[in-house]
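>>> Show me how the following folds:
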Amino acid sequence: MIARDTFNRLDEGKKARILDVAVEEFSRHGFRQASVNRMVESIGIAKGSLFQYFGSKEGLFTVIFNHAVELVRQSLRQVKRQTGEQDFFGRIKESLLAGIRFIERHPRVYRIYLKMIFQEDFPLRTEFLQQVHLFSAEYLQPVVEAGIQSGDLRADTDIDMSVFMLDALMDRFLQAYCVPFLDAGASIYKAPADELERKADEFIKLLRYGIGAPRSACSEGREYVRTRVL
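I've put the predicted structure just below:
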């Protein structure tokens with residue numbers, strides 16, 4: 001859904017004010033507890049005007065959500081341009097840190113996303129969250145494919161599973177930065193920039209080398225004998 005023409009015809013300052021107040025309301029109260037009355041009082045317009053602009057509270061939230069997705073798209077387009085010459089691991093690290101910068105620039109937008117994850121009373125919640133992760137996959141898939149082509153990743157890498165794993169891990173990293181109980185001792189929550197850089201390097205190291213111990217020729221030989229005996 002997009003905003004109605006009655007909204008689009010407003011001057012840019014008024015449109016920005018309406019969206020700003022709506023983002024603040026939804027980020028503080030979620031969807032069900034968000035108050036149209038509080039919003040129109042803060043904006044200084046009649047309640048009926050808001051419905052003329054968006055049709056309903058659900059319509060307003062949909063416009064806010066689409067606005068937030070476009071902000072994310074702009075951020076990732078910039079990362080894509082700036083990291084085009086880097087290897088796979090450099091691109092993933094910069095994408096992760098760009099996510100942190102996005103949260104710092106747009107904390108209320110990210111708070112709405114967190115509320116959508118942890119609260120089930122948002123309209124079209126499933127569709128919205130699916131859209132977020134599909135968009136993430138659209139961004140990550142060509143990064144993985146380029147990594148395979150360049151030799152940064154194994155030729156037999158499963159692209160779909162790699163995208164799924166990266167999306168899940170990066171999403172959790174960003175959540176842990178904002179939500180203390182999701183940090184689970186990783187010391188990511190509200191960490192200063194230099195510490196986040198170090199954590200991102202550790203994240204990339206795990207991607208690059210994995211956590212399995214290297215297998216020696218002797219251990220491989222013992223495994224071969226064991227399987228033959230069994």
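>>> so how far is stretch 129-143 off the chain centroid?
Computed by Cα atoms, centre = their mean, to the nearest Å, the separation of stretch 129-143 from the middle of its chain amounts to 9 Å.
>>> In the protein, where is pLDDT below threshold?
Within the chain, the segments meeting pLDDT under 70 span 1-2, 214-230.
>>> which residues of it fall in helices?
Remark: helices assigned in the chain by DSSP state H are 5-8, 12-29, 36-43, 47-54, 57-82, 88-105, 107-118, 125-150, 159-178, 193-209, 217-229.
>>> what angle do the fourth one and helix 12-29 make?
Right, helix 47-54. Here the directions of helix 47-54 and helix 12-29 differ by 100 degrees (axes from the mean of the first three to the mean of the last three Cα atoms, to 10 degrees).
>>> Just name whatever secondary elements helix 47-54 is in contact with.
helix 5-8, helix 36-43, helix 57-82 (3 or more Cβ pairs under 8 Å, 6 or more residues apart in numbering; DSSP states H and E). From N, CA and C alone the C-beta is placed, and that goes for glycine too.
>>> got the CA coordinates for that helix in PDB?
The C-alpha trace of helix 47-54 is given here as PDB (Å, rounded to 0.1, in the frame of the first residue of the first chain):
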ATOM      1  CA  LYS A  47      -8.100  12.900  13.100                       C
ATOM      2  CA  GLY A  48     -10.100  12.600   9.900                       C
ATOM      3  CA  SER A  49      -7.200  14.000   8.000                       C
ATOM      4  CA  LEU A  50      -5.000  11.100   8.900                       C
ATOM      5  CA  PHE A  51      -7.600   8.700   7.600                       C
ATOM      6  CA  GLN A  52      -7.900  10.700   4.400                       C
ATOM      7  CA  TYR A  53      -4.100  10.400   4.000                       C
ATOM      8  CA  PHE A  54      -3.800   6.700   4.700                       C
END
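>>> so how far is that helix off the chain centroid?
Worked out by Cα atoms, centre = their mean, helix 47-54 lies 30 Å from the chain centre.
>>> ok, now the first one?
Relative to its parent chain, helix 5-8 has a centroid offset of 29 Å by Cα atoms, centre = their mean.
>>> go on, the third one?
With Cα atoms, centre = their mean as the basis, the distance from the averaged C-alpha position of helix 36-43 to the chain average is 29 Å.
>>> Export that helix to CSV, keeping only CA atoms.
Output in CSV follows, covering the C-alpha atoms of helix 36-43 (Å, rounded to 0.1, in the frame of the first residue of the first chain):
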residue,chain,number,x,y,z
VAL,A,36,-4.1,7.8,16.4
ASN,A,37,-5.3,10.5,18.9
ARG,A,38,-1.8,11.0,20.2
MET,A,39,-0.4,11.2,16.7
VAL,A,40,-2.9,13.8,15.4
GLU,A,41,-2.5,15.9,18.6
SER,A,42,1.3,15.9,18.2
ILE,A,43,1.1,16.7,14.5
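>>> what's the angle between that helix and helix 57-82?
Using the same axes, to 10 degrees: helix 36-43 against helix 57-82 is 60 degrees.
>>> mind listing what's buried in helix 36-43?
For helix 36-43, the neighbour count (16 or more other Cβ atoms under 10 Å) marks 36, 39-40, 42-43 as buried.
>>> Residue 143: which of these is nearest?
Checking the buried residues of helix 36-43 against residue 143 by Cβ to Cβ gives residue 39 as the nearest, at 38.9 Å.
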